[in-house]
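*Asks:* Predicted structure and sequence below. I'll ask about it afterward.
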Amino acid sequence: MAILENYHLIIHVIIALAAALIISFALTPVVKSFAQKVGAVDVPRDARRMHKVPIPRLGGLAIFLGFLVSVLAFANMTYQLQGILLGAVIIVVLGALDDVTPLPALLKFVVQIIASMIPIFHGVVISCISNPNLFSDNPYWHLGWLAIPVTVLWIVGVTNAVNLIDGLDGLAIGVSSISSLTVLAIAMIVSEENVAVVMAALLGACIGFMPYNMNPAKIFMGDTGSTFLGFVLACISIQGLFKFYAVISFVVPFLILGLPIFDTAFAFIRRIAHGQNPMSPDRSHVHHRLIDMGLNQKQAVAVLYVISAILGLAAVVLTTGGELKALVLLVALMLVGVVAARVIFPPARPKEENGEHTLSDALASLEAEGKKDDKPAEGAETECEKTDENGGVEKNGK
């Protein structure tokens, strides 16, 4: 019986994923044309932007529509899911308006809080979590009156965290795909079918959009897509992870969304320490730092994909194997990732150290050897060649 139920769940998940993927992939060119007509185009005006030519935004509309159609067709429309979808609609409308005409940050923040209250009033609330204090006799923390502000903070925080990492081609869509896949795997492990179907729809919508967004990107998801992805991931992580506090550890949602959460927290701390507005944009995010280290966009995105995948895998292991196994896995994979990064992207070394020499260097060296026994008399007029610091040959006449 269990085998039949698992088979049914797998088929359901595959169909939901495929439907969202096809719709998202098919609608993206249409959305691209629409974005160009309404002027939703990202023009590179500062050093924070990695692209050099104007690129249409609003790609998040294709992701949202693919997700929405799949969920409406294949998911069980519970009261909680209704609240999540209604809040997501507000987030998408807000993002679309911002992609066409930039809106004030305070206005967006207020609307995001309002949107987060809708799923909360529909029962999507972090009411209790596992106690991170391993030495406590109480295994759970019941939040009480703090439940609503903590939930608002989580939803709005993750919504903006995913938005802030959307700085390189394919980065936010890839990290969101990995996070969706992780939640999907955990939902299937604990047999939460509806959460699994919703995450399959989100994963399919992301994959369908991905070919258009990878470097060099043909279209950006814009705030429409990044805030929508963050909002849904935040809400579903509450519905599918926090409520299973007897099974899922407190740290699992933070592992799944670890990369955007860390980047956002680090950005806020850095700006406050420098006396800046924590909401002011800058060029010191993790992806910018990787670019400044000498990596190109594809290499930087690949590194962040690996980090996100390691965190996601650790979350799955933590769900099934306990804290110790997850910790050992996380440390081991991090070490492997560091070694692999050093091998694939070795630091630049001076030419003298890595043995690289130009043809001019070799010729100059041979000529110098031959002239050791044939030195001109001191003060004689001669013309000799010497190698400059860059390996070139220059003429010096006396």
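*Replies:* Right, received. Where do you want to start?

*Asks:* Following element in sequence after the helix or strand encompassing residue 82, please.
*Replies:* Assigned by DSSP states H and E, residue 82 falls within helix 79-100. Next helix or strand after helix 79-100 toward the C-terminus (DSSP H and E): helix 105-121.

*Asks:* elements contacting that next one?
*Replies:* Applying 3 or more C-beta pairs under 8 Å, 6 or more residues apart in numbering; DSSP states H and E, one finds that helix 105-121 contacts helix 79-100, helix 147-164, helix 222-240. (Each C-beta comes from the backbone N, C-alpha and C, glycine too.)

*Asks:* Buried residues, that helix. List them.
*Replies:* Residues of helix 105-121 classed as buried: 108, 111, 112, 115, 116, 117, 118, 119, 120 (neighbour count, 16 or more other C-beta atoms under 10 Å).

*Asks:* go on, stretch 78-87?
*Replies:* 80, 81, 83, 84, 85, 87.

*Asks:* related to what we said a few turns ago, what's the angle between the helix holding residue 82 and helix 105-121?
*Replies:* On the basis of axes from the mean of the first three to the mean of the last three C-alpha atoms, to 10 degrees, helix 79-100 is oriented at 170 degrees to helix 105-121.

*Asks:* In the stretch 201-350 of the chain, where is pLDDT below threshold?
*Replies:* For the stretch 201-350 of the chain, applying pLDDT under 70 flags the ranges 240-250, 274, 276-285, 287-288, 292, 321-330, 332-350.

*Asks:* If we use 80, what do you get?
*Replies:* 239-255, 258, 263-297, 314, 317-350 (pLDDT under 80).

*Asks:* separation between residue 118 and residue 234?
*Replies:* Distance from residue 118 to residue 234, counting by C-beta to C-beta, to the nearest Å: 13 Å.

*Asks:* TSV please, covering the buried residues of stretch 78-87 and showing pLDDT and distance to residue 302.
*Replies:* As requested, those are exported to TSV (pLDDT from 0 to 100; distance: C-beta to C-beta, whole Å):
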residue	pLDDT	distance to residue 302
80	92	36
81	93	34
83	94	37
84	95	32
85	96	33
87	96	33
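
*Asks:* and of those, the nearest to residue 30?
*Replies:* Proximity of the buried residues of stretch 78-87 to residue 30 was ranked by C-beta to C-beta; the top entry is residue 85 with 22.0 Å.

*Asks:* Would you agree residue 294 falls within a helix?
*Replies:* No: using DSSP: H, G, I helix; E, B strand; the rest coil, the secondary structure at residue 294 is coil, not a helix.

*Asks:* if we can go back for a sec, most tightly packed of the helices and strands packed on helix 105-121?
*Replies:* Counting by mean count of other C-beta atoms under 10 Å, helix 222-240 has the highest mean neighbour count of the helices and strands packed on helix 105-121, with a mean of 28.

*Asks:* next helix or strand past that helix?
*Replies:* Elements were assigned by DSSP H and E; along the chain past helix 222-240, the next helix or strand is helix 252-256.

*Asks:* Buried residues of that following helix, list them for me.
*Replies:* With burial defined by 16+ other C-beta under 10 Å, the residues of helix 252-256 counted as buried are 252, 253, 255, 256.
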